Each structure stands twice: as C-alpha cells, then as structure tokens.
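*Asks:* coords please:
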Amino acid sequence: MRFIFLLGLMVLVACAPARLDRSSYANVNVISAFLPDKGEGAAYKVGEQVRFGFAVSQSGYLTLISYGATGNTTPLESNVQLNTGKHIFPRADDRQGSAQAAYVAGNPTGRNRVILIYTNAPIKTLPRGRFDQGQLNAAIQTAIESSRASQVDLAETAIEVTP
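*Replies:* Numbers count the residues shown, from 1 in each chain. Down below sits the predicted model:
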C-alpha cells in the first residue's frame, strides 16, 4: 500500500508544471509575499475575480504574466512603475471604462501560473502566445534581456481555475 501511495505521489509531482528557477533570473531579492487573494494554489471559479498582492523593497518596473493550463501566455501588466511597499494588481486606479480593471478567471480550467518580474528598467519584449516550459523560460529570459536592467527579480504563484 505504501509503495502505491509513493508511486502515485511521484506521478503527481512529475505531472505538475515546473516552476521557474528564481536563481536563474534574479540578481536581487526585491519581491516578497507574492500571492493571490485566496492564497497559493487556491481555486477560483470561471468568472470569479482574482487579485494578487505583493511587496517590493525598492522602486522599479513590474510586469505580471499569466501562464495558463494550456501553455497560453498573456501579459496582464507591463512595466508598471511602482515605489517601495505593498501593492495589489490590478491597481485601484486601473480603469476599464468607468469601472476598476479586474482579472477574471476564465477557460480553459486547470492550473494557471502567474509570474511577477521586477526590473529597474522597462521590459521591451513581452512573452505572448503559446509556449511549452522550455519556450517559456527562453521567452522570459528574452524579456529580461530586452530591458537591459542591472537589477532583476522574479516571483511565481499559482491558482486553480475550476468550472
């Protein structure tokens, strides 16, 4: 019985989407407490609004990228210049028409990774489109290099989108 449990656990770990290796990108530790409003890995129903909180220890440019269950990558925020302190995306001053902008969980359902990138210079090339894990790593590296930033940090969290 114990063997079957361990075998099942190994299969689940092998199927889980790999997280980005922060040490491969970051040369400073600026981002902390990056989480969705319901917590890491929380479930959000299709149509439900999602917010992400985080703190930065120095001013700079923040870019937020969603990596969906099917590998579809979408920039949610790009080069938002923020000061030191605690923040929430979407920001209260973001507007869509007369209402505050919102991130809404949508189809397809499944695990969605959300990546927050800090740079001390604006990113010029944003990852957009469908990527496998290797392609995503390369696209993020290209985005970071496009900024020519001397200071870079990266954080990642996840949500589960359910029907």
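
*Asks:* So A155 sits against I65, correct?
*Replies:* No. The pair A155 / I65 is not scored as a contact, 11.3 Å apart, by Cβ atoms under 8 Å. No exception for glycine: its C-beta is placed from N, CA and C like everyone else's.

*Asks:* shared neighbours, the two?
*Replies:* I115, L116 (Cβ atoms under 8 Å, 6 or more residues apart in numbering).

*Asks:* next helix or strand past the helix or strand in which V114 is found?
*Replies:* Taking DSSP states H and E as the definition, one finds V114 inside strand 110-119. Using DSSP H and E, the helix or strand that follows strand 110-119 in sequence is strand 129-130.

*Asks:* packing partners for that next one?
*Replies:* strand 72-82 (3 or more Cβ pairs under 8 Å, 6 or more residues apart in numbering; DSSP states H and E).

*Asks:* could you pull out the strands for the protein?
*Replies:* Using DSSP state E, the strands of the chain run over 31-36, 43-45, 49-50, 52-56, 60-67, 72-82, 85-89, 95-96, 99-100, 103-104, 110-119, 129-130, 152-162.
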